[in-house]
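[1] Predicted coordinates and the sequence they were generated for:
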Amino acid sequence: MRLIFEKSKAGRRASAIPRHEGLPAPEVPAELRRAEPPRLPEVPEFELIRHFTELSTRNFGIDNGFYPLGSCTMKYNPRVNERLVAMPGFANLHPLQEEQGAQGALELEWRLQQILAEVTGLDAVSLQPAAGSQGELTGLMLVRAYFESRGESAARRKVVIPDTAHGTNPASVTMAGYEMTPVKTDPRGNIDVDDLREKVDGQTAALMLTNPSTLGLFDEKITEISEIFHGAGALMYYDGANLNAVCGVSRPGDMGFDIVHINLHKTFSQPHGGGGPGGGPIAVRDILEPFLPVPVVVENGDGTFAFDFDRPHSIGKVRGYSGPFGVFVRSYAYIRMYGPRLREMSEAAVLNANYILARLKGTYDVPFDRLCMHEFVLSARTLKRDHGATALDVAKRLMDYGFHPPTIYFPLIVPEALMVEPTETETKETLDAFCDAMLAIAREAADDPALLKDAPHSRPVRRLDEVRAAKHPIVKFEFDEHPDVTGERRPVAAEAPKGV
Amino acid sequence: MTHPFLALTEDDRAEMLRTIGVSSVEELFRDIPADVRLRRELELEPALSEQELSAHLAELAARNVDSTRELSFLGAGIYDHYVPAVVDAVLQRGEFLTAYTPYQPEMSQGVLQAIFEYQTAICELTGMDVSNASGYDGTTVAADACYIAKHATGRTKVVVTEATNPQVRQVVKTYAPGFGLEIVEVPQRGGTTDPDELREAAEGAAAVIFQQPNVFGCLEPAPDLAAAAGDAGALPVAHVDPLSLGVLEAPGRYGCAIALGEGQAAGNFPAFGGPHYGFLAARRDFIRRMPGRIVGETVDAAGERGYVLTLQTREQHIRREKATSNITTNQTLLALGGLVYLAWLGPQGLRELGETCLSLAAYAKQQLRERAGLEPLFPDETTFKEFAVRVGRNARQVVAAARELGVHPGYALGRDYEGMDDVLLVALTEKRTPQEIDRLAEVLAEVTA
Amino acid sequence: MAAAESYPDDVHYHREHDWARVEGDVAVLGITWFAQDALGELVHFEPPEPGSTVTKDTSYGEVESVKAVSDVVAPLSGEVLEVNQAVVDAPETVNDDPYGGGWLIRVRLSDPSELDSLLDLEAYKQVLAEQ
């Protein structure tokens, strides 16, 4: 399919900018003036619509089908939310509007703060971080500020992270200026508490943990872990990526965590949009409240709401304005459609995951023989040993069955990993169809391995050469000098006529 | 009553529990220690139906005075530009809206190609060689640039002009301690930045960040600022308004290493501050230091052109603690809105839009002078679509009084800049008309009399 | 095309899967078959500058495949005399010929006694058995 730049023709346009008579001429000093115009596409509106419509048909979203990406919580995105954010009272509201002209927005933010405190079992909330990883970084900044206020930050340089952690955790640790101390996982999939005891001391600032873990397993030793860290004067940070398993069942604040980030684009239905936007609000225990990013939304006691900027101990600001407001609207609306029934959401997520696990465990390797939470990890290790079929091959073949593959090669401690998270928004028929496909693929690996190795066969493209893309990065259209697919430089030909 | 977002019937549940080999859903949670179980219901208001929810949210929205209910000249980083219907139409396609990050490229050619086109558009606007797939917003991409510069130069100081948006400066200062960076500010002089002062401050700096047009709407001597940074061995970083780049020169053409900014003006609604997208583009030699996702072109097994995420070894999921950033979720859907908008606008439209903003702002300066006797704060400086004006009394009171007459006249700069308690920042976009500007002048004449 | 598995006996090994071939006070350094196999096809080699110093047991550069990046660890300390430009231009050379054409850098040794702490073929095979 051609790029929109390849459909461009000089003189065409889709826009019309209103003109006015009698205005002063526009003036830009010569040394600052644009010399050559940017080569933006020149297309009429209908070509624009056709181009993006065709592009969308080459993409697969939750609206298209089952999307069991572990740790991503690909649940249904309620359509009413799109109508709500488009209301002019939200869409056309300027973030620097006077507070008395933004009371609806402020009240929504305040109510969402209250809700997230209740769901997490903690005391205060900042909605500002734009994504989970920004929430992590913000949380670590709060850890640093807390220890600075106690004169302990020079000593406490280390953050403990399990070897199953998502890559954002160590990356955030480095960006926050800390050092990482890894801790092992035991054969039951819990943190190895003996390994942990040796690694936690007066130089430890915090633990970063998600519970259930990326293995989909609830850490049975969580109370002991909490005692070890708090006993050493350290803090506990909860990565909320897996919160979908435990809403209304167990709260991170009750597990002993002091700081939690929540992924609004996972647990609370903000659509992923092909990579974002998201929201990564944080909830904290009251000892950390003074350090929260500024502003925080407060209630004035007379039914009006305001931004509190007067926070002398705040770490500062991690994102513009109060955060991604449109994401707040959707998540708030989603939670209001559940209320306390959020617990049923988690129960269904956990039931769906255990059902698939039960159907697949005889055929794929299961590294940890336990009930899972909302997700679980399989291994294709035996399939690889016996038939040469890898987790990658299974993933590509699943596409031919009409499913998005699960997460592969994560967590790192499981070889040939396939991490499956169905979420609660799936019927039993869909779960069965997925299981049937996985079982069929295992049979194909033995009987007709080429089906896997050459997969996918039924998508708009065949398997793509990622090595080539890394060796010879082509990261934008080069117009007349754009290389063709063989690497030579010549103009790209017009679209071949259909039927060829 | 079955919840509309849940599907399990009693029969489904019974059969599934049998297959799993447990007798109840409660048993599935048996690994959770009793002392951390929540033994009560969540204290949340009862579930609302979609209809009830809509009524509740409409009531909240009705208590916001947005730009359809008040004539507004607010800017200062977020702008009321026209968002065409094609943007909404594309962003509502479920295949884009509900898709995940394109880690499985064969399932995601739509998003991947769109990002490749976005990267191309951003490079065209900024005159750079490589763009990422977006950052969170215009403030955090400035922090990203600091991280790039620190690792590229090994230096630990970054210079930022005082005339850069206060939100940007505050976020950079929040990130700096974790990065091990010292932030130094260069003051504004008469509405712009002095290149000699900048050169002196930039000795030993990893980067210099300046904004064009700056927070006061004034045009900085950008090529001279970039040269001054370069003289001191610091990377010149321009924070730019994307919609100014049809009339103002691209940073890549006057010596900048990195160009970045807030994308909102190009294709996103103001939405009380977000979600929006930050754009970040750089010269080719920084490609391996870029944070965030980058899409590259390749071929498939049948020799057909296709798109994939590339250079992923920079990113957190591979490089982990040595990653160029921890960013995972970014702002793809909003950047897609930006791409659709820029394709709708075209190069002609971009130039006309820039010229219209310049003319309307010049007209507004004239009218405020002639009808309300108000002078610009920096009368000798050329401005783009915003300008600062002295209103003779406390600007916040002027705003309150003007709003009573249905006009929001602009942003009171005194919150962020010393000695500017009587200064308003007035923004003109192509949505404003001469009649509306006349009304602004009339209202300001009345409330500043 | 990736080479068949092999571990020559004319090099010294480091437990981080790097090798050193010593000739007098000069050593040629590279990564073992195990390392290139774990990474997959290499797409990039980030070398040190000629004239710079490498220190035993610390990283002197990076090799990358599509899916992974790895430090290359110096088995011995010294001054970088030469970087293998053939590998910079075509990193997959390391996969094809990890001990020959796939050499990474040449150094002048600053402390030849460091050789004593390296592993011989048998000892390195022990390390591989533990992986």
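    Alright, I've got the coordinates.
[2] When you work out contacts or count neighbours from here on, use the C-alpha atoms and nothing else.
    Noted.
[3] I'd like the next helix or strand past the helix or strand of chain C at the bottom of the mean pLDDT ranking.
    None of the helices or strands of chain C scores lower by mean pLDDT, DSSP states H and E than strand C:69-73, at a mean of 85. Using DSSP states H and E, the helix or strand that follows strand C:69-73 towards the C-terminus is strand C:78-83.
[4] In its sheet, which strands sit next to that following strand, and in what direction?
    Applying DSSP bridges to the sheet, strand C:78-83 is found paired with strand C:53-54 (antiparallel), strand C:105-109 (antiparallel).
[5] now, of those strands, which is deepest in the fold?
    By mean neighbour count, with neighbours taken as mean count of other Cα atoms under 10 Å in any protein chain shown, strand C:105-109 ranks first of the strands paired with strand C:78-83 at a mean of 23.
[6] Name the spans of chain C whose pLDDT lies under the cut-off.
    C:1 (pLDDT under 70).
[7] And the helices in chain C, which stretches?
    Along chain C, the segments classed as helices by DSSP state H run C:33-39, C:85-89, C:93-96, C:121-129.
[8] Would you enumerate the residues in contact with the residue of chain C found nearest chain A?
    With Cα to the nearest Cα, the shortest gap between chain C and chain A falls at C:V43, namely 5.0 Å. If you count contacts by Cα atoms under 8 Å, 6 or more residues apart in numbering or on different chains, C:V43 has them with A:V467, A:A470, A:K471, C:V63, C:E64, C:S65, C:V66, C:A90, C:P91, C:E92.
[9] residues near the last one, how many?
    Neighbourhood size, C:E92 [other Cα atoms under 10 Å in any protein chain shown]: 24.
[10] Now do the contacts for the residue nearest to it when sequence neighbours are not counted.
    Nearest residue to C:E92 in three dimensions, chain neighbours excluded: C:L42, at 5.1 Å (Cα to Cα, 6 or more residues apart in numbering or on different chains). Residues counted as contacts of C:L42 (Cα under 8 Å, 6+ apart) are C:Q36, C:V63, C:E64, C:S65, C:V66, C:P91, C:E92, C:V94, C:N95.
[11] wait, the second one sits on C:V88?
    To tie it back to what came earlier, the one meant is C:V63. No. Applying Cα atoms under 8 Å, one finds C:V63 not in contact with C:V88, separated by 9.9 Å.
[12] So those two - more neighbours on which side?
    Taking neighbours as other Cα under 10 Å, C:V63 and C:V88 compare with C:V63 leading, 21 against 18.
[13] Is the more buried one bridged to anything, and to what?
    Bridge pairing for C:V63 - DSSP bridges - gives C:F45, C:S70.
[14] Contacts only, for it.
    C:L42, C:V43, C:H44, C:F45, C:E46, C:V69, C:S70, C:D71, C:V72.
[15] what ranges do the helices span in the stretch 201-350 of chain A?
    Using DSSP state H, counting those that start in this stretch, the helices assigned to the stretch 201-350 of chain A run over residues A:222-231, A:252-255, A:325-336, A:342-360.
[16] so can I have JSON lines of those helices showing mean pLDDT, distance to A:G22 and mean neighbour count?
    JSON lines is the format used below for the helices of the stretch 201-350 of chain A (pLDDT from 0 to 100; distance: least, Cα to Cα, whole Å; neighbours: other Cα atoms under 10 Å in any protein chain shown):
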{"stretch": "helix A:222-231", "mean pLDDT": "96", "distance to A:G22": "71", "mean neighbour count": "17"}
{"stretch": "helix A:252-255", "mean pLDDT": "97", "distance to A:G22": "64", "mean neighbour count": "22"}
{"stretch": "helix A:325-336", "mean pLDDT": "98", "distance to A:G22": "39", "mean neighbour count": "25"}
{"stretch": "helix A:342-360", "mean pLDDT": "98", "distance to A:G22": "60", "mean neighbour count": "23"}
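[17] which one of those helices lies closest to A:P281?
    Closest approach to A:P281 among the helices of the stretch 201-350 of chain A (Cα to Cα): helix A:325-336, 9.6 Å.
[18] what packs against that closest one?
    Under the contact definition 3 or more Cα pairs under 8 Å, 6 or more residues apart in numbering or on different chains; DSSP states H and E, helix A:325-336 sits against helix A:80-85, helix A:103-120, helix B:50-62.
[19] Deepest-packed of these, please.
    Taking mean count of other Cα under 10 Å, helix A:103-120 is the most buried of the helices and strands packed on helix A:325-336, at a mean of 22.
[20] who's in contact with it?
    The contact list for helix A:103-120 (Cα under 8 Å, 6+ apart) reads A:90, A:99, A:123-127, A:247-248, A:251-253, A:260, A:283, A:297-299, A:304-307, A:328-329, A:332, B:42-44, B:59-64, B:272.
[21] Contact residues of chain C facing chain A?
    Residues of chain C lying near chain A by Cα under 8 Å from any Cα of the partner chain: C:E41, C:V43, C:H44, C:S65, C:V66.
[22] ok, the first one touching C:D96?
    Read that as C:E41. No. With contact defined as Cα under 8 Å, C:E41 does not count as touching C:D96 (9.4 Å).
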